[in-house]
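>>> Have a look; sequence and predicted model below, questions after that.
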Amino acid sequence: MSFAVQVQAAPRAELVMDMRTGKVIHSENADTRLHPASLTKMMTLYVAFEAVEHGEISLDTLVSITRHAASEPPSKLGLRPGQKIQLRYLIRAAAVKSANDAATAIGEAISGSEAAFARRMNRTAQALGMSRTHFKNAHGLTESGHLSTARDMTTLGRHLFFDYPDYYHLFKRRSIDIPGKTLPNTNRRFLAAYKGADGIKTGYTNAAGFNLVATAERGGRRVVATMFGGTSTQARNDRVAQLLDLGFANVPAQVATVRPRHPGYVGPGGKTIRLAGAPERSIRPRPKPGLVAPPEEVVVAIAQGIETVVEELAEAGAETATQPVIAAANTPPMPKPAVAEAGVIAGIVPSVLNEIANAAVDAVARDETATSAPEEPPHAGIILDTVEVAAADPEPGEVVNRISTSGGRHWGVTVGRFTTRDAADRMLIRTALAELASLGEALRKVVHGTKGFDANFVGLTHEGAELACRRLAARNTECAVFGPPS
């Protein structure tokens, strides 16, 4: 005897685009407003990356889970009310497992309530040009008025790729770890089956059918295809493979890349900070009347997870994810979750951990996600529009003051010497993203010497440092181990 999940016939829509230029290759019902299901979490993650990049919240922030978040239906992590968990793990769970409780917790941590977060999602959607999209929740479960289109979701996928390149590679991971468990990517079948596939997101509810935004790269060509309304996982995957094949057959081998315009930063209050040129340093807005000059702050953005899907439940015959949810507007806003910075590395002094989590490398720039005009000189000014931000006390120049001598964590690795602190910090961020397994809990430290800026990871055991260098060498990344001063 066999069992199959039966879904209602959902309208089908699809769009194929040259990711490099934004040129549409094929479309069908691409502007029809339909249920996005867990494709919604692409926007939840986009806003989360934006918030981390601009210093609103840290990946190490401990988020206190509310009763509302814990009560979300499956797919879910099974978070408990009052439980505290780092934002980085919520991102991984929302991305890879498509955990609804994690998605809601992300929204509450950033905006104070899911309703407020949905408003921010909508502001961001409008800034990205997603004119036919309206969000009412952070997870994508069916709700009246929660709608998007194949064109808008393709637009969002393209912005994820170009606006947050340091995060994007996580979309192709077939599994990812959180404390105590490994979460398989529910898009892993398509990633394994289609040559060159590296993202992005699937979604499923009865009302939506089986949805997918998929990207693939072959021989320098990059194509994105979106489908709404598949009748099963396999049928959807087969059709999206056909759409990508259609794209690769109709895009040129070489073409000038036309990056989408990076939107102005839509801060917590909805005011836009418009950036001109390529500022060397990100700004961290904090509302405070009377001040007009922004501080230059450090934003350390080590991204972890992206990708998630509810369809595992569908394939297992559990369709609790399709139950309607109460409209956010009908429930009072939840109180802003309590958050605290987490000390995550054993043997490191807590005060140093907080400094690392909040400050990372002093005076470091994060310009690549703050501007849409990279051809401008790197010292171009920042133009502010209708925003009030407060200055912050400058951080000291040295990030790591002391490292605990307990637990044998006296060792470190260096991944290169650079002419600027900015370049060194970028290398640390990219390396940490590429090698989460061995460097995920190391401290990043830039050391200014007479010959330049050394990019170091510290707080490792001897064995951990050796392992990290072996893994980095396998990725053709320069690496050298150093020990405690004798």
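That came through, no problem.
>>> quick check: longest helix of this structure.
helix 233-250 (DSSP state H).
>>> Can I get that helix as CSV, trimmed to CA atoms?
Extracted in CSV, the C-alpha atoms of helix 233-250 (Å, rounded to 0.1, in the frame of the first residue of the first chain):
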residue,chain,number,x,y,z
THR,A,233,7.9,17.8,-5.5
GLN,A,234,9.1,15.7,-8.5
ALA,A,235,6.8,17.4,-11.0
ARG,A,236,8.0,20.8,-9.8
ASN,A,237,11.6,19.8,-9.9
ASP,A,238,11.3,18.3,-13.4
ARG,A,239,9.5,21.5,-14.7
VAL,A,240,12.1,23.8,-13.1
ALA,A,241,14.9,21.8,-14.7
GLN,A,242,13.2,22.3,-18.1
LEU,A,243,12.9,26.0,-17.4
LEU,A,244,16.6,26.3,-16.5
ASP,A,245,17.5,24.3,-19.6
LEU,A,246,15.4,26.8,-21.6
GLY,A,247,17.3,29.6,-20.0
PHE,A,248,20.8,28.2,-20.7
ALA,A,249,19.8,27.6,-24.3
ASN,A,250,18.8,31.2,-24.8
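>>> Packing partners of it?
Contacts defined by 3 or more Cβ pairs under 8 Å, 6 or more residues apart in numbering; DSSP states H and E place helix 233-250 against strand 13-18, strand 24-28, helix 188-193, strand 197-205, strand 209-218, strand 221-230, helix 311-316. For glycine as for every other residue, the C-beta is placed from the backbone atoms N, C-alpha and C.
>>> Tell me the pLDDT of Ile178.
Ile178 carries a pLDDT score of 91 in this model.
>>> now do the one 3 residues further on
Confidence at Lys181, expressed as pLDDT, is 91.
>>> which residues does it form a beta bridge with?
Ile178 (DSSP bridges).
>>> The helices and strands packed on helix 233-250 into CSV, with extra columns for mean neighbour count, distance to Tyr164 and mean pLDDT?
Converted to CSV, the helices and strands packed on helix 233-250 look like this (neighbours: other Cβ atoms under 10 Å; distance: least, Cβ to Cβ, whole Å; pLDDT from 0 to 100):
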stretch, mean neighbour count, distance to Tyr164, mean pLDDT
strand 13-18, 25, 18, 98
strand 24-28, 15, 23, 98
helix 188-193, 16, 19, 95
strand 197-205, 27, 12, 94
strand 209-218, 26, 14, 97
strand 221-230, 26, 15, 98
helix 311-316, 20, 24, 39
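>>> Give me the nearest residue to Gly449, chain neighbours excluded.
Of all residues not flanking Gly449 in the chain, Arg417 sits nearest, at 7.9 Å (Cβ to Cβ, 6 or more residues apart in numbering).
>>> Report the beta-bridge partners for that neighbour.
Asp454.
>>> residues contacting it?
When contacts are counted by Cβ atoms under 8 Å, 6 or more residues apart in numbering, Arg417 is found next to Ala424, Gly449, Lys451, Gly452, Phe453, Asp454, Ala455.
>>> now do 7 Å
Contacts for Arg417 (Cβ atoms under 7 Å, 6 or more residues apart in numbering) come out as Lys451, Gly452, Phe453, Asp454.
>>> How about Leu15?
Contacts of Leu15 (Cβ under 7 Å, 6+ apart): Val24, Ser27, Ala30, Ala150, Arg151, Thr154, Thr226.
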